[in-house]
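[1] Fold the following, please.
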Amino acid sequence: MKASIAMLLAAMFMIAGCNTVKGAGQDIEAGGEKVQKSAEDVQKKM
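    Next up, the predicted model:
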């Protein structure tokens, strides 16, 4: 019984961790896209 609870808790933490990393990846990607757009805007002005 204790082993099943431990496995369930471990699975929940892994799922939560994946969601957190996925969200961070999306935030980083959005930031990168903004930097890229800014760089393209500067390049057009040159």
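[2] how about the helices of the protein, start to end?
    Remark: helices assigned in the chain by DSSP state H are 2-45.
[3] Flag the shaky bits of it, pLDDT-wise.
    Along the chain, the model assigns pLDDT under 70 to residues 18.
[4] cutoff 80 now
    For the chain, residues meeting the criterion pLDDT under 80 lie at 1-2, 11-24.
[5] can you count the residues close to residue 6?
    Residue 6: 10 surrounding residues under other CB atoms under 10 Å. For the C-beta atoms, the positions are set from N, CA and C on the backbone; glycine is no exception.
[6] do you know how far it is from residue 37?
    Per CB to CB, to the nearest Å, residue 6 is found 47 Å from residue 37.
[7] Next: residue 24.
    Distance, residue 24 to residue 37, using CB to CB: 21 Å.
[8] and if you look at residue 16?
    Here the distance between residue 16 and residue 37 works out to 32 Å (CB to CB).
[9] now do residue 13
    Going from residue 13 to residue 37 by CB to CB gives 37 Å.
[10] go on, residue 23?
    Counting by CB to CB - residue 23 and residue 37 are separated by 22 Å.
[11] Same question for residue 12.
    Distance, residue 12 to residue 37, by CB to CB: 38 Å.
[12] next one: residue 31
    Distance from residue 31 to residue 37, by CB to CB: 11 Å.
[13] Ok, residue 14 next?
    35 Å.
[14] repeat for residue 46
    15 Å.
[15] Show me which of the two is the more surrounded one.
    Counted by other CB under 10 Å, residue 46 and residue 37 do not tie: residue 37 has more neighbours, with 10 against 4.
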